[in-house]
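S.K.: Following is a predicted model, sequence given first.
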Amino acid sequence: MKTNLTSQISLNRVSPRYYRPENAFELSALTRFEKIPTEIYESGEEGSKHIAEEIAQAIRNKQRDGRFCILALAGGNSPRNVYSELVRMHKEEKLSFRNVVVFNLYEYYPLAPDAINSNLNSLKEMLLDHVDIDKQNIFSPDGTIAKDAIIEYCRLYEQRIESFGGIDAALLGIGRVGNIAFNEPGSRINSVTRLILLDTDSRNDAAHTFGNIESTPVSSITMGISTILSAKRIYLMAWGENKAKMIKECVEGNVTDTIPASYLQTHNHARIYVDLSSASNLTRIQRPWLVTSCDWNDKLIRSAIVWLCSIVKKPILKLTNKDYNENGLSELLALYGSAYNVNIKIFNDFQHTITGWPGGKPNADDTHRPERAKPYPKRVIIFSPHPDDDVISMGGTLRRLVEQKHEVHVAYQTSGNIAVGDEEVIRFLHFINGFNQLFDNGENAIINEKYSEIRKFLKEKKEGDMDSRDILTLKGLIRRGEARIACTFNNIPLTRCHFLDMPFYETGKIQKNPISEADVEIILKLIREVKPHQIFVAGDLADPHGTHKVCTDAVFAAIDIEKEEGAKWLKDCRIWMYRGAWAEWEIENIEMAVPISPEELRAKRNSILKHQSQMESAPFLGNDERLFWQRSEDRNRATAALYDSLGLASYEAMEAFVEYVPL
C-alpha cells in the first residue's frame, strides 16, 4: 500500500537540471541569486536521509579520534525524519551515540515542572530515548528556573558549550517569521543564549504543541545567533510549500535582522536543505528563464506569461515583442515566432479553464472544457478532511453541482473533535441538562451523571491535559451536527452525508498517528459503493497541522489499490484537487476555474457560518486573524481578480481546481 503519494505531486514537473545540474558551470549559472549553498531534493525524506548520513559520519569520525561530537538540535517537525533515520542507523547499523553531546537549541519559558510539551521532551520522543546516548551528555535550557536566575543560567549554558570545545554541527529548522531556534526578528548577530519574548506568529506555531494560544508560553530561552554561527557546520532544513517564502528570503535576500535565518549567509559552512515544494520560490525553480535556457512546457510558459503581465502591468493580449525581449523571454519568441502567437495560445489556455459547469455541461461540445459532458448526471464524492473543509474550499462549486442535478456525496474524513473549544461542550451540556429539566423533570439519570462528571473534569482540567473520551465524543458530535446543517442548507440529502471517522486522527492530541490500512479501507469501502465519476480531494498540503495531507494520502492510496485491481469505475472517473483556507493554486497550475456570483458567494459564506464552533473561539485559527469565511472569500476574489488582470472575463469570485492523474 502506497501511503505517501501526495509527496510525488509535482505540479510544474520541474526539470531535474534546475536542481541537479551536470557540472559546476551550470550550477554557478543556476544559483547566481543564491547566497547560501542550497541542496534541493525531490522529497523531504530524501533530503533528511542525506543530512542523517552526514551527521552519522561526523559521529563516527569523532569516535575514531576518541573525541566527543557536539550537536545542537532543534525540535519541531522539520528534523523528525532526520531523527528517524538516525534511530534506524543506531538499531540496524550499530551507530553509537556514546560519544555524542547534545545541546537543546531552545526551551519554552515558563514551564511547569511536570510539563509534557517541552522541546526537550520532543527531542527525547523523536531521538534521545531511542539511542544509547549517555543521559549526562544531554543539556537543555531549563524552562522552570526562577526569573531572577535566568541571566546567570544563560551565561553558564554558554560556558558549558565552550567547555566542550564548541558545537560541531547545528541542526536547524526555519520558522514562519524567518527565525532560527527562537531568535525572532530583531535579534542581533552577536546575540547569545538568552530569554526572548515570542512574537504572535511564533506563539501561534507553538500553539500546535500546547493545544491553544492561551496555554502557550510567552517566551523561550534560546541559543543566540552568535552561538549558532560559532558551530563548525550548520544544516538548515525546510520541507513543504509553507516554508517557500522564507527560504527565498533567507537564501536570496539581504542579510537583515528582520529575517534572522539570513545571518547564515555569513557562515562559511552553512548549507540549506529543501525539497521541491519549499524551493518553489527560488529563482531557478520559479523563474528559471532568468538564469538559464528553459525546457519549455505549457505550464512553464503560462507561469512566464503571468509573471511578464505582472512586470509590465498589461493583460496577455497587449504584450509585445519588446516586452518579451526586455524581460528575458526571447526564447518564447524564437519558439512561437511572435508575441502575438504566444499571447493567443496562452489566452486560450486560460479561457478554457473557466467553466460554470464543474460536473460537465450535458449535450455540449466538451473539446475545450475542463470536464467531459458525459455521463450525466455524475456521481460525485467530495472528501473533506475536517467537517467544514468542503464548504470553505469549494462551497460554491458544491452548490453548483447540486443545482445541476449531480448525485453529490460529502465524506467527512475526520471527526475534527480537537478543534472544538471546551466552552462549546459546556454550552451543549447546559442545553441537554435544561432539556432534561424541562421534559423529564430532571430524572434522566444518565444525563445527570454525565453532566456532573464532564463539568467536574473540565473544571479541574489542567494545561496540557488530554480530553476524556466522552468529551472528545461530544466535540465530534458537535461538529457532526454542524456538518449536517450545512449539508441540508446546500440541499444534500443526509443519506449522502458520510462520517468516516478515520482512526489515525483519534489520538486526542494534535500529533496524529501515521496513516494505516484501516484508514484506507474506510475510503475503499465508500468509493467501491458509490463508484464515482468525480472525486474532489484536499490538495492543500500547506495545512500546518498535516491532517489534509494524511487524508489525501488515504484517498490516493485507495485509488491506487483500485487501479492495481483494474476497477472499471476508475476508468470513467476524474479526480480534482481543491485548496482550502491556507493557500490557493498558482494560476499556471489551475485546470478548472468555477466562477461564483455575488449571490453564490453569500450562500457559500452562510454554509461556512453553519459551523459555529469554528468561528472566533476555534482553537486552531492559526496565524491569520481572519475567520475562515473571510479567508475563503478573499482568496476566491483574488483568483477572480487575477483572471481579470490578465484580460479574461471579470467575475465576483472563483474557485480553482487541479486534476490529479493516478500515477
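M.R.: In hand now; what should we look at? Please read all numbers here as calculations on a predicted model, not as lab measurements. Residues are numbered from 1 along each chain as shown.

S.K.: buried residues in the helix or strand of the chain with the lowest mean pLDDT?
M.R.: Least confident element among the helices and strands of the chain, by mean pLDDT, DSSP states H and E: helix 200-210 (a mean of 76). Going by neighbour count (16 or more other Cβ atoms under 10 Å), the buried part of helix 200-210 is 201, 202, 203, 204, 205, 206, 207, 208, 209, 210. No exception for glycine: its C-beta is placed from N, CA and C like everyone else's.

S.K.: From the chain's centroid, how far away is it?
M.R.: On the basis of Cα atoms, centre = their mean, to the nearest Å, helix 200-210 is displaced by 15 Å from the centre of the chain it belongs to.

S.K.: helix or strand right after it?
M.R.: Moving toward the C-terminus from helix 200-210, the next helix or strand (DSSP states H and E) is strand 219-222.

S.K.: Phi, psi for residue 19 please.
M.R.: The phi/psi pair for residue 19 (degrees, to the nearest 10) reads phi -120, psi 0.

S.K.: residues contacting it?
M.R.: The contact partners of residue 19, taken as Cβ atoms under 8 Å, 6 or more residues apart in numbering, are 40, 41, 276, 279, 284, 285.

S.K.: surely residue 99 meets residue 61?
M.R.: No - assessed by Cβ atoms under 8 Å, residue 99 is found out of contact with residue 61, at 10.4 Å.

S.K.: Give me the more crowded residue out of those two.
M.R.: residue 99 (19 against 12; other Cβ atoms under 10 Å).

S.K.: I'd like the distance between the more buried one and residue 162.
M.R.: Distance from residue 99 to residue 162, counting by Cβ to Cβ, to the nearest Å: 19 Å.

S.K.: cool, and residue 457?
M.R.: Per Cβ to Cβ, residue 457 is found 49 Å from residue 162.

S.K.: the more surrounded of the two?
M.R.: More crowded of residue 457 and residue 162, by other Cβ under 10 Å: residue 457, with 16 against 11.

S.K.: what's the neighbour count on the closest residue to the more buried one other than its chain neighbours?
M.R.: Nearest non-adjacent residue to residue 457, counting by Cβ to Cβ, 6 or more residues apart in numbering: residue 468, 5.7 Å away. When neighbours are defined as other Cβ under 10 Å, residue 468 has 15 of them.

S.K.: just the one 4 residues further on next, same as before
M.R.: A count of nearby residues for residue 472, using other Cβ under 10 Å, gives 19.

S.K.: would it count as being in a helix?
M.R.: Yes - per DSSP: H, G, I helix; E, B strand; the rest coil, residue 472 lies within a helix segment.

S.K.: can you pull the contacts of the nearest residue in space to residue 407 that is not next to it in sequence?
M.R.: Closest residue to residue 407 apart from its sequence neighbours, by Cβ to Cβ, 6+ apart: residue 379 at 4.7 Å. Contacts for residue 379 were tallied using Cβ under 8 Å, 6+ apart; they are 406, 407, 409, 530, 531, 532, 533, 534.

S.K.: okay, these in CSV with pLDDT next?
M.R.: Listed next are the contacts of residue 379 as CSV, based on pLDDT from 0 to 100:
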residue, pLDDT
406, 98
407, 98
409, 98
530, 98
531, 98
532, 98
533, 98
534, 98
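
S.K.: I'd like the list of these that fall within strands, please.
M.R.: When DSSP state E is applied, the contacts of residue 379 are split such that 407, 409, 534 fall in strands.

S.K.: now the last one: how far from residue 407?
M.R.: Look at residue 534 and residue 407: by Cβ to Cβ, they are 10 Å apart.

S.K.: what comes into contact with stretch 82-102?
M.R.: So stretch 82-102 is contacted by 48-49, 51-53, 55-56, 59-60, 62-63, 67-73, 123, 126-128, 130-134, 137-139, 164, 171, 237 (Cβ under 8 Å, 6+ apart).

S.K.: what about residue 456, how many neighbours?
M.R.: The burial count for residue 456: 10, using other Cβ under 10 Å.

S.K.: Can you tell me the element residue 577 falls in?
M.R.: Assigned by DSSP H and E, residue 577 falls in strand 574-578.

S.K.: Show only the entries of the contacts of stretch 82-102 found in strands.
M.R.: Those of the contacts of stretch 82-102 lying in strands (DSSP E): 69, 70, 71, 72, 73, 138, 139, 171, 237.

S.K.: Find me the pLDDT at the third one, would you?
M.R.: Right, residue 71. Looking at residue 71, its pLDDT stands at 98.

S.K.: So it versus residue 36, what's the distance?
M.R.: Residue 71 is 20 Å from residue 36, by Cβ to Cβ.

S.K.: Those two - which one has more neighbours?
M.R.: residue 71 (23 against 20).

S.K.: Go through the protein and flag its longest strand.
M.R.: The chain, longest strand under DSSP E: strand 653-660.

S.K.: Neighbours of the residue nearest to residue 287 when sequence neighbours are not counted, how many?
M.R.: Leaving out its chain neighbours, the residue that sits closest to residue 287 by Cβ to Cβ, 6+ apart is residue 307, at 6.5 Å. By other Cβ under 10 Å, the residues close to residue 307 number 18.

S.K.: in the helix or strand encompassing residue 349, what counts as buried?
M.R.: Element membership for residue 349, per DSSP H and E: helix 339-351. With burial defined by 16+ other Cβ under 10 Å, the residues of helix 339-351 counted as buried are 339, 342, 343, 345, 346, 347, 349, 350, 351.

S.K.: The residue lying closest to the first one once chain neighbours are set aside and residue 312, how far apart?
M.R.: When the adjacent residues along the chain are set aside, residue 339 lies closest to residue 321, with 4.7 Å between them (Cβ to Cβ, 6+ apart). If you measure residue 321 against residue 312 using Cβ to Cβ, the figure is 12 Å.

S.K.: ok, now residue 236?
M.R.: Distance, residue 236 to residue 312, using Cβ to Cβ: 36 Å.

S.K.: Compare the two and say which is more crowded by neighbours.
M.R.: Neighbour count, other Cβ under 10 Å: between residue 236 and residue 312, residue 236 has more, with 26 against 15.

S.K.: if we can go back for a sec, roughly how far does the residue nearest to residue 287 sit from residue 289?
M.R.: 9 Å.

S.K.: All the helices of the stretch 501-650 of the chain, residue numbers only.
M.R.: 517-530, 547-564, 598-609, 628-645 (DSSP state H, counting those that start in this stretch).
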